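J.: One predicted model, sequence on top.
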Amino acid sequence: VVIPIYGTNIYFIKRKNQIATITISGLDEPIPFEIPAKIAFEHLAGLDYNFIRRKEFDHIANWILNNGRNCHVLLNTILRNKSPDDLEYLPYHYIKFGFQSGGLSAIVVLFGVIKFLIFLAEIDSMEDFLRKNMLKYYHIYDLKRKNIFLDIPPPEIIEYDDMLLNAVTKWGIWELHDEN
């Protein structure tokens, strides 16, 4: 089964009895970490463009544009050694932002399965972020209905994602290692 990520040349490929993969059309490579970082950054810009123009976001913006050393994204969901038949792909992507201890992070989930944690910036204050109340919600992208809405998933998911967001924001930038 080949599922496109619309608006990109990336395809989610599920083969029977093989490891689930994400590939770029024509290439046999995993999804670049710049993709979920760009998704999170652009969505944040859509919420408040003036907010992301602050100097604190220069580091991630330059990394996304210049393909420098990645110190922003950690892949949390490991698909290796899992049978694609055991994965339940969902018809949506979602983003959740979190702010704690002066750090702003995002969780980007593709197809309800592949989860990325993105450290966006260290920020002294969120007071001027006009839509900071939206950080409480998951921004859901319904791929079937081509609709976007805000939602609060079941408590166990919120607790899990909040724990991950809090860890990333509390400890700051996590560096990726080759095995991730």
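T.: Right, received. Where do you want to start?
J.: What segments of this protein are strands?
T.: Along the chain, the stretches classed as strands by DSSP state E are 2-5, 10-13, 21-24, 73-75, 92-100, 103-110, 114-122, 138-142, 147-151.
J.: Among the ones you listed, which comes closest to Ala45?
T.: strand 114-122 (11.0 Å; CB to CB). (Each C-beta comes from the backbone N, C-alpha and C, glycine too.)
J.: just to revisit the earlier point, using CSV, lay out the strands of the chain together with mean neighbour count and distance to Asp48.
T.: Formatted as CSV, those follow (neighbours: other CB atoms under 10 Å; distance: least, CB to CB, whole Å):
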stretch, mean neighbour count, distance to Asp48
strand 2-5, 14, 25
strand 10-13, 17, 27
strand 21-24, 17, 30
strand 73-75, 22, 22
strand 92-100, 21, 11
strand 103-110, 24, 12
strand 114-122, 22, 13
strand 138-142, 19, 13
strand 147-151, 12, 15
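J.: Mind putting those into JSON lines with mean pLDDT?
T.: Shown next, in JSON lines, are the strands of the chain (pLDDT from 0 to 100):
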{"stretch": "strand 2-5", "mean pLDDT": "63"}
{"stretch": "strand 10-13", "mean pLDDT": "62"}
{"stretch": "strand 21-24", "mean pLDDT": "50"}
{"stretch": "strand 73-75", "mean pLDDT": "79"}
{"stretch": "strand 92-100", "mean pLDDT": "87"}
{"stretch": "strand 103-110", "mean pLDDT": "89"}
{"stretch": "strand 114-122", "mean pLDDT": "88"}
{"stretch": "strand 138-142", "mean pLDDT": "87"}
{"stretch": "strand 147-151", "mean pLDDT": "84"}
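J.: Mind putting the ones you listed into TSV with distance to Asn66?
T.: Converted to TSV, those look like this (distance: least, CB to CB, whole Å):
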stretch	distance to Asn66
strand 2-5	23
strand 10-13	20
strand 21-24	19
strand 73-75	15
strand 92-100	23
strand 103-110	20
strand 114-122	17
strand 138-142	27
strand 147-151	29
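J.: Relative to Ile52, which of the ones you listed is closest?
T.: strand 114-122 (8.6 Å).
J.: and the angle from the closest one to strand 103-110?
T.: 160 degrees (axes from the mean of the first three to the mean of the last three CA atoms, to 10 degrees).
J.: for strand 114-122, packing partners?
T.: helix 34-47, helix 58-66, strand 73-75, strand 103-110, helix 155-171 (3 or more CB pairs under 8 Å, 6 or more residues apart in numbering; DSSP states H and E).
J.: Now these in TSV, please, with extra columns for distance to Leu135.
T.: Listed next are the helices and strands packed on strand 114-122 as TSV, based on distance: least, CB to CB, whole Å:
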stretch	distance to Leu135
helix 34-47	9
helix 58-66	17
strand 73-75	19
strand 103-110	9
helix 155-171	10
